[in-house]
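*Asks:* Coordinates for the following, if possible.
(2 chains)
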Amino acid sequence: MYYSIPKVEYYRPKTLEEAIELLLNIEGSKIVAGGTDLLVDIKTSRAKVRALIDINSIAELRGIVDAGEFIRIGAATKLQEILESHTISENLPLLRAAIESMGSWQIRNLATIGGNLCTASPAADTAPPLLAYDAELTIAGRSGLRVVPVSKFFTGYRKTAIGYGEILKEIVVRKSNWTKWSYVKLGRRGGFTLSIVAVAVTAKISNSVVEDIRIALNSVAPTPIRAYRAEEVLRGKKIEMKLVEEAARFVAGEVSPIDDIRSTSWYRREMSHRLTLDTLSRALGVE
Amino acid sequence: MVEDPEIIIRRWFVAESFIAVGKSLERVDSIEKVLGRARFVEDFFEEGFLVARLALARIPHARIRKISYDHILKNPKVHQVLTYRDIPGENQVGYAIPDQPLLAERKVRYYGEPVAVVVGRDPDTVNSAVEEVVLDVDPLPALYNSLEAMERQDILVHEALGTNIAFKTRVRKGDVDSGFSKADVVVENTYRTHHQEHAYLEPEAALAIPDLENRITVIATIQYPHLGQKIVAKVLGIPSSYVKIVAPYIGGGFGGKDDEGPLVAARAALAAYHLRRPVLLYYTREDSMQIHPKREATVIRYKSGATQDGKLTAIEVTIVHDTGAYANRGPFILWRATMHSSGPYYVPNAKIDGYCVYTNKVPQGSFRGFGNPSVQFAAEAQMDQLAEKLGFDPIDLRLINMLRPSSETITGQMLMSSVGIYDALKKLASESNWRIKRRMYEESRAGRFRRGIGVAVGWHGNSTSRAVPDWSNSYIHISRDGSVSVYTGIVEIGQGSPSSSHRQLVAEVLGCPFEKVNIVFGTTDAPDTGATHASRGTSVGAIGILVAAGKIRSRLESFLAEYFNVQKEEIKMSSGEVVVGDKVKMKWEELIALAYSKGVDLSATGYFFLPKGVFNDEVGQGFAYPAFSFIAVVAEVEVDTFTGKVRVLEVHPALAVGKVINPEAVKTQVEGAIVQGLGYTLMEKLVISEDGRIINDNLTDYVIPTSHETPVIREAIFVEDLWEYGPFGAKGVGEMAFIPMPAAIANALSHALGIRVTELPLTLDKVYSLTRDSSR
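*Replies:* Next up, the predicted model:
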């Protein structure tokens, strides 16, 4: 009874079309799925909302589908469902590893992958794996669907490519034969914590040559980021510790961290270097 | 019949075999708590009661011109806004020094200071109304640094005092100059420790229910019902006897509700007094973190000297406590820190000065360990450095100097008995494989992950400091069916004294069935028992229970001896079975029925006033505490030099806390304190902005440890160094395991890195900087 949020209108549409119409027709309306970010923001007045449109009853937004070449994850799929999915653990181990470190069981049973992306916190934990997988995001609007690569999705601090009257529908990840990966998240404690820095790496190796690689980080810039220059250092090269070290140094140049309650800019820059070195070494199997 | 408390205490102190005491009997409230059936303050709320929240100051230091709220009262759902002007009694509620108002008056001295009580029909109404109270002020420059505040005369937190130093302490023993001149090595350092938030599960709340003739009942999150009664009576200007305080089950306190509890009760009572209706005052988590006092933040300068053979010759210590806006219990905390500053060692020459300094921050207050964790952190770091310089093993150096029976403390108090720390540390050294691990980790000090092992010792005086009066009291009566009602002011705050050890004591002393004992706890209907703080719930707090039960036992024995014409020694009473001589056997219930029919008085109070000595404040010499509890822990850590992340792998505790009444209950206290101490040392950190606001006033941004961080905690070693006045010889245990944790982790980390840690908390970035220093 102690906490209450300001009174809001509440809608629970059954279809995506209905949700989009509500979004377009009600000024100050906002999509809610798990509410684990949004309700806290409303409580602390960071978000001002007139109406909540609850998308949990829209069946097409839920679930994980193995569609042969692709894995499709509905935007309103709960983190816990993703964590428990064989499709995910077999095909998208980075995503699984990241979600494992998110919140508690209770939070993961409410929070959704789409919510984590759309809140667009610099510390969004599902972002580095999806950036590393080069996932595509399907966005629904009145005029139909459009696809945005996740690397273009975050447009600024807590800003996304989602436009007025649009809803994130699903996350699509192409299956790949990139077998090497590594993920590390550093927080102030071992669990239930926001990251200070997280790094996701996935790579395709043949004959000790890095055919391709993607490196992504969170909490070190206004949005989760890809470390393109570091990737470039390694792409097409034979794996060598010297190169890995060089790539990691490049990452420190690609980040723009800030001081906040959790840590300092200086430490984050140091860690983006060190943890990239760490994840790269593990993913590429060099010491 | 024996009614003399000292004789009763003595009888059970020398007991050699036990029925209930010393056993891990299950606490009666465990299942109900797990099932969510136990009721906490909020659970007593009923439809139609009013709700209240506090309007807080949003400026750290200012003179108040006007508090405006007429515009809020236009909302019919807002029933009243109460400020200092509405207090019918006294607004002054400072515990140690009369410096603190219940509601801000004339000045605001910290961001978050309560200004008004806003009472309304529902939470929505009061939640928005508290934001609308307007505080018209003349801002004043604010002080945030205690060392600076000590020197400043131009900015004063409390003008009338003429200084920002609220309170001073001192110890002068022997001659430190000659002590240091005899030393072969001298170590000197400055140590810094930080605030800690209690982060209890249940934030503060109080439900005040008015009755006829200005009588009032307050159900509150409180650690000392009788103190709440006194404060409520003072604020309302009514007799204490008109005030009833009830502490139901409480979701944690750790000292925070000892400070804030009476004030929450008084603010709720003020609202109910004016509105003549029940009012629930509640703190949100953010309110709780902004308002209530925190663990002491300290700067400690520490110099110690020792001879080549490892004997301490002198210490010189300056302790500065940042007490924030109000002294609260700061003087008591400083006093305790000062008198424990040597650690449990014999030190012939000591010069200690303590300063309790005002700043414009949240007040300093009671928190598990009460001034001791910070000063032991410094003292134990000094011991490690002396050991290193002298080429001693850290445990050996400690053993050389350790207090033993007949040793003298730095206040010149001779401890005749109940000093078991020497044996405890010796056992700990061998059972923890200290020497092997210490050497092993030193030899493998390379690579990314490095391990270290550290030791720390702590001591904690039982009862109040100096000659400050302390007593225990309880009331017991036995019903005709043989069931036993025990009234105590001790509260059930998670520790389980009323739900386990108190029942065990009564069942043991009366010889009645354990299930027949009901403890009525946390109520002013019981005699004033003192607070549930200072590790006293099962030690000092339970002496009264032992004495009351002992009186009734003695009456029953005298009655049986006379009735059956036998010697008292021929009477046996245990577990509900009564045997008189070799012929008569009866059940406990039959005995009680018989006693009732023959006119035996089966109700008794058990009062005991602790004998104390004399203390000279001028030189800080004399009687400090009737007994000390002791602890030693060995902690092992692993540090990731890549990131600065410290993991505590294992903690091995050894305690000398007198008789252990319930081993399982002690274990839970030890484990909880270890994890709380670990969190304090490694991750907990209040962040205060430039305008004096605590910006991480929630549990997302202020992180406390979880099961992920919980280390392996080894079975504790116990040395039962009985205390003559403790029930069955028990001493206090609740705070003990916290006290050495900062020191043990810091010493282990220093060992792992080969570099001295002098400042807490050991957050990732700080440790990372240290690792870079150490690799240079």
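*Asks:* neighbouring contacts of the worst-scoring helix or strand of chain B on mean pLDDT?
*Replies:* Least confident helix or strand of chain B, by mean pLDDT, DSSP states H and E, is helix B:764-775 with a mean of 88. Applying C-beta atoms under 8 Å, 6 or more residues apart in numbering or on different chains, the contact partners of helix B:764-775 are A:186, A:188, A:196, A:263-264, A:266-267, A:270, B:639, B:641, B:643-646, B:749, B:753-755, B:757, B:759. Heads up, the C-betas are built off the backbone N, CA and C, glycines and all.
*Asks:* Out of those residues, list just those in strands.
*Replies:* Among the contacts of helix B:764-775, DSSP state E puts A:Leu186, A:Ile196, B:Val639, B:Lys645, B:Val646 in strands.
*Asks:* re the thing from before, using ChimeraX, make a named selection holding only the buried ones among the contacts of helix B:764-775.
*Replies:* Buried subset of the contacts of helix B:764-775, written as a ChimeraX selection, criterion 16 or more other C-beta atoms under 10 Å in any protein chain shown:
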select /A:186,188,196,263,264,267,270 /B:639,641,643,644,645,646,749,753,757
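*Asks:* Sitting in helices, which of the contacts of helix B:764-775 do you find?
*Replies:* Among the contacts of helix B:764-775, DSSP state H puts A:Trp266, A:Tyr267, A:Glu270, B:Leu749, B:Leu753 in helices.
*Asks:* Distance check, the second one against B:Ser769.
*Replies:* Same thing as A:Tyr267. A:Tyr267 sits 8 Å away from B:Ser769, going by C-beta to C-beta, to the nearest Å.
*Asks:* Ok, the fourth one next?
*Replies:* From B:Leu749 across to B:Ser769, the span is 13 Å (C-beta to C-beta).
*Asks:* same check, this time on A:Ala161
*Replies:* Distance, A:Ala161 to B:Ser769, using C-beta to C-beta: 39 Å.
*Asks:* got a pLDDT number for A:Ser45?
*Replies:* For A:Ser45, the pLDDT comes out at 83.
*Asks:* in chain A, what spans have low per-residue confidence?
*Replies:* For chain A, applying pLDDT under 70 flags the ranges A:1-3.
*Asks:* tell me, what residue is most central in it?
*Replies:* Residue closest to the mean C-alpha point of chain A, counted by C-alpha atoms, centre = their mean, is A:Ala127 at 2.0 Å.
*Asks:* Got the phi and psi for B:His477?
*Replies:* With angles defined as degrees, to the nearest 10, B:His477 sits at phi -140, psi 150.
*Asks:* and the closest residue to it other than its chain neighbours, what does it touch?
*Replies:* Distances taken as C-beta to C-beta, 6 or more residues apart in numbering or on different chains place B:Ser603 nearest to B:His477, at 3.7 Å, with adjacent residues excluded. Counting by C-beta under 8 Å, 6+ apart, B:Ser603 touches B:Tyr475, B:Ile476, B:His477, B:Ile478, B:Ile552.
*Asks:* sec struct for the second one, please.
*Replies:* Looking back up the chat, that one is B:Ile476. strand (DSSP: H, G, I helix; E, B strand; the rest coil).
*Asks:* Look up how far B:Ala595 lies from it.
*Replies:* B:Ile476 is 14 Å from B:Ala595, by C-beta to C-beta.
*Asks:* Who has more neighbours out of the two?
*Replies:* The residue with more neighbours, out of B:Ile476 and B:Ala595, is B:Ile476; 28 against 21, by other C-beta atoms under 10 Å in any protein chain shown.
*Asks:* I'd say that one and B:Ala548 touch.
*Replies:* Yes: here B:Ile476 reaches B:Ala548: they are 4.2 Å apart, a contact under C-beta atoms under 8 Å.
*Asks:* how many neighbours does whichever residue of the stretch 101-250 of chain A sits closest to chain B have?
*Replies:* Residue nearest to chain B within the stretch 101-250 of chain A (C-beta to the nearest C-beta): A:Gly190, separated by 3.0 Å. Per other C-beta under 10 Å, the neighbour tally for A:Gly190 reads 16.
*Asks:* cool, the one 4 residues further on as well?
*Replies:* The tally of other residues near A:Leu194 (other C-beta under 10 Å) stands at 24.
*Asks:* Just say helix, strand or coil for the nearest residue to it once chain neighbours are set aside.
*Replies:* Among residues not flanking A:Leu194 along the chain, A:Ala123 sits closest, at 4.9 Å (C-beta to C-beta, 6+ apart). The three-state label given to A:Ala123 by three-state DSSP is coil.
*Asks:* tell me the contacts of A:Ala123?
*Replies:* Shown in contact with A:Ala123 (C-beta under 8 Å, 6+ apart): A:Leu194, A:Ser195, A:Ala198, A:Asn218, A:Ser219.
*Asks:* phi, psi of it?
*Replies:* Per-residue torsions, A:Ala123: phi -100, psi 10 (degrees, to the nearest 10).
*Asks:* mind checking how far the residue lying closest to B:Ile543 once chain neighbours are set aside is from chain A?
*Replies:* Distances taken as C-beta to C-beta, 6+ apart put B:Ser472 closest to B:Ile543, at 3.9 Å, once the chain neighbours are dropped. Using C-beta to the nearest C-beta, to the nearest Å, B:Ser472 is found at 36 Å from chain A.
*Asks:* Sheet partners, orientation included, of the helix or strand harbouring B:Ser472?
*Replies:* Here B:Ser472 sits within strand B:471-478, counting by DSSP states H and E. Using DSSP bridges, the strands paired with strand B:471-478 are strand B:484-487 (antiparallel), strand B:603-609 (antiparallel).
*Asks:* Based on its surroundings, how many neighbours for B:Gly324?
*Replies:* The tally of other residues near B:Gly324 (other C-beta under 10 Å) stands at 28.
*Asks:* Need the pLDDT of it.
*Replies:* 98.
*Asks:* How about the contacts made by it?
*Replies:* The contact partners of B:Gly324, taken as C-beta under 8 Å, 6+ apart, are B:Tyr110, B:Pro293, B:Lys294, B:Gly330, B:Tyr358, B:Thr359, B:Asn360, B:Lys361, B:Val362, B:Pro363, B:Gln364.
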